[in-house]
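Trainee: Build me a structure from this.
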Amino acid sequence: MRTSKFSFLNMSPSRLLALPAPHRKILMAASLLVGISLLWPSQKQVLPQRIPVTLDVESLVSNLSATETDTIAEIHPNYVKTIVSGDTLSGLFVEANLDQQTMYKVLEADLDILALDTLKPGNIIRFWLDNDGQLTKLELYFNAARQVVFSRYEEGGFKVDEINIEGIWQNKSLVGEIQGSFYLSAQRAGLTAADIQRVESLLKEKLNFARDLRAGDEFSVLMSEQYIDGEVTGNSDILGVHIQRGRSAINAYQNSDGNFYDEQGRSLARAFQRIPLQKNYRISSRFDRHRHHPVTGRTAPHNGTDFATPTGTQIIAPGDGIVSMVTDHRYAGKYVVIEHGNKYRTRYLHLSKALVHKGQRVSRGQVIALSGATGRITGPHLHYEFHVNGRPVDPMKADIPMASTLSKKQMTEFSQLVKVRKMLMGQV
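Mentor: Predicted coordinates for the structure are as follows:
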């Protein structure tokens, strides 16, 4: 039997009109509410039907663990050491559980930079090893502005990358009065031992710091310090020096060319000569940032110029400076490094004999070594490097200062620079 359900939705118009007025109003209101409820948007979402899938939980967990392990291994080195006095490179590799053969491979890669020879107390060395205990990466952290990274090739051996960050340089003026020695007075004013040595070296031809200064003499030094992310890196540069001795003054200002001149535009150091030899020799290999190495077969920078000099040829200093290193390297052979003020550095590789020692002052034209064939080379020659602000440049083409006085045009620009420097040093 069919049953019927009463519905006001299918009620005929005549029956609706036959209802009493109050009932008719109630029924119409109810109809309106039902219509609104049917048309009102629903918040309910239709979800797709779930399909059961079998999961290999153990496999997923093991894969996740391997990925996390690789990431952690990449981020965190296996061995970290802050260099202290007495540390040796071979000792550091032993501490990192690496053999001597690995150290030699890293030294071979370092031939074009020689960064390992410049490690000092306070620098940081980091080693990354794979699951077999083999070195995959080595990082030398000198400061926030400079790091050197060695990375292993798949077929063995290492490549080297030098990371230099310019950062922000900020000026500051340090002022003091002579009370006791210049060294102690400058130290009290805030200069470091390295800064004091640079000032003394800069003015050595004009002033005897031990004899000529008196109590009450005044000095001011304009410095520029490097900052990275708000932290000082320890790298600094001297922009100006002024020493007042009674009524007389001695001063030096760094020009835009990186050299120092007195207020009259006279150079405080003799100019450079182009090559460190007493006569010309054939260039057997030029400066090339993308040279195909004749021994390793890899493309690597050749950061210097090679001269085909017979063993025993005299090598001369191309400019005044201080010897900062005399050492013997497995691949670079015997070599010498000279610092020429704040901006310039020269390096001489594969020597048969060094004729200078660390800390010695040398003058332009002075014989410093004899050429040879030490280290890993195919024949006797001199490998000569010229660095500007820590970066190697082509010594045959670089804008090396080769004049002792400024031209009239240069002097006009220099005078404006000196005026600004004096204001920063409180002299105007």
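
Trainee: Lowest-scoring secondary structure element of the protein by mean pLDDT?
Mentor: When each helix and strand of the chain is scored by mean pLDDT, DSSP states H and E, helix 57-75 comes last, with a mean of 49.

Trainee: After that helix, which helix or strand is next?
Mentor: Using DSSP states H and E, the helix or strand that follows helix 57-75 in sequence is strand 79-82.

Trainee: Off-centre distance for that following strand?
Mentor: How far strand 79-82 lies from its chain's middle: 19 Å, per C-alpha atoms, centre = their mean, to the nearest Å.

Trainee: pLDDT below threshold where in the stretch 151-300 of the chain?
Mentor: Judged by pLDDT under 70, the stretch 151-300 of the chain has its weakly predicted residues at 292-298.

Trainee: could you redo the last one with a cut-off of 80?
Mentor: Scanning the stretch 151-300 of the chain for pLDDT under 80 picks out 269-270, 290-300.

Trainee: Any buried residues in the longest strand anywhere in the chain, and which?
Mentor: Longest strand in the chain, counting residues (DSSP state E): strand 231-245. Buried residues in strand 231-245, counted by 16 or more other C-beta atoms under 10 Å: 233, 235, 236, 237, 238, 239, 240, 241, 242, 243, 244, 245. Using the backbone N, CA and C atoms, a C-beta is placed for each residue, glycine as well.

Trainee: Quick check: the second one touching residue 225?
Mentor: Yes: Residue 235 is within contact range of residue 225, at 7.4 Å (criterion: C-beta atoms under 8 Å).

Trainee: Distance to residue 370 for the buried residues of strand 231-245 - can I get that in a markdown table?
Mentor: Formatted as a markdown table, the buried residues of strand 231-245 follow (distance: C-beta to C-beta, whole Å):
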| residue | distance to residue 370 |
| --- | --- |
| 233 | 38 |
| 235 | 34 |
| 236 | 35 |
| 237 | 34 |
| 238 | 34 |
| 239 | 38 |
| 240 | 39 |
| 241 | 37 |
| 242 | 42 |
| 243 | 40 |
| 244 | 46 |
| 245 | 43 |
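
Trainee: ok, which pair from those residues is furthest apart?
Mentor: For the buried residues of strand 231-245, the maximum inter-member distance is 34.0 Å, found between 233 and 245 (C-beta to C-beta).

Trainee: for the buried residues of strand 231-245, which one is nearest residue 182?
Mentor: Lowest distance from residue 182 to the buried residues of strand 231-245 (C-beta to C-beta) belongs to residue 243, with 8.8 Å.

Trainee: so who does the closest one touch?
Mentor: 203, 207, 213, 217, 218, 219, 249, 250, 251 (C-beta atoms under 8 Å, 6 or more residues apart in numbering).

Trainee: how near is it to residue 175?
Mentor: 11 Å (C-beta to C-beta, to the nearest Å).

Trainee: who touches both of the two?
Mentor: Common neighbours of residue 243 and residue 175 (criterion: C-beta under 8 Å, 6+ apart): 218, 219.

Trainee: residue boundaries of the helices in the protein?
Mentor: Listed in chain order, the helices of the chain (DSSP state H) span 13-18, 21-39, 57-75, 89-95, 100-109, 182-189, 193-202, 408-424.

Trainee: Run through the neighbouring helices and strands of the fifth one.
Mentor: Translated: helix 100-109. Helices and strands touching helix 100-109, by 3 or more C-beta pairs under 8 Å, 6 or more residues apart in numbering; DSSP states H and E, are helix 89-95, strand 135-143, strand 158-164.

Trainee: Show me what the first one is in contact with.
Mentor: The contact list for helix 89-95, computed with C-beta under 8 Å, 6+ apart, reads 79, 81, 99, 100, 102, 103, 107, 116, 119, 125.

Trainee: Check the longest one too.
Mentor: Counting by C-beta under 8 Å, 6+ apart, the neighbours of strand 135-143 from elsewhere in the structure are 77, 96, 98, 102, 106, 115-116, 118-119, 123-130, 147-152, 158, 233-235.

Trainee: Sheet partners, orientation included, of it?
Mentor: Here strand 135-143 is paired, per DSSP bridges, with strand 124-129 (antiparallel), strand 146-152 (antiparallel).

Trainee: Kindly calculate the angle that the first one makes with helix 100-109.
Mentor: The reference is to strand 124-129. 120 degrees (axes from the mean of the first three to the mean of the last three C-alpha atoms, to 10 degrees).

Trainee: What lies in contact with strand 124-129?
Mentor: Under C-beta under 8 Å, 6+ apart, the answer for strand 124-129 is 73-74, 77-83, 92, 96-98, 119, 135-141.

Trainee: Quick one: mean pLDDT for it?
Mentor: Averaging pLDDT along strand 124-129 gives 98.

Trainee: With stretch 314-327 instead?
Mentor: Mean pLDDT, computed over stretch 314-327, is 95.

Trainee: So what's the residue count around residue 305?
Mentor: Other residues near residue 305 come to 23 when the count uses other C-beta atoms under 10 Å.

Trainee: ditto for residue 399
Mentor: Neighbour tally, residue 399, other C-beta under 10 Å: 9.

Trainee: Identify the residues contacting it.
Mentor: Shown in contact with residue 399 (C-beta under 8 Å, 6+ apart): residue 257.

Trainee: unless I'm mixing things up, residue 249 is touching residue 242, no?
Mentor: Yes: using C-beta under 8 Å, residue 249 makes contact with residue 242 at a distance of 6.4 Å.

Trainee: Could you check how far stretch 361-368 is from the centre of its chain?
Mentor: 30 Å.

Trainee: end to end, how far does that stretch reach?
Mentor: Stretch 361-368 has an end-to-end distance of 11 Å (criterion: C-alpha to C-alpha, to the nearest Å).

Trainee: how far does stretch 421-428 sit from the chain's center?
Mentor: Worked out by C-alpha atoms, centre = their mean, stretch 421-428 lies 31 Å from the chain centre.
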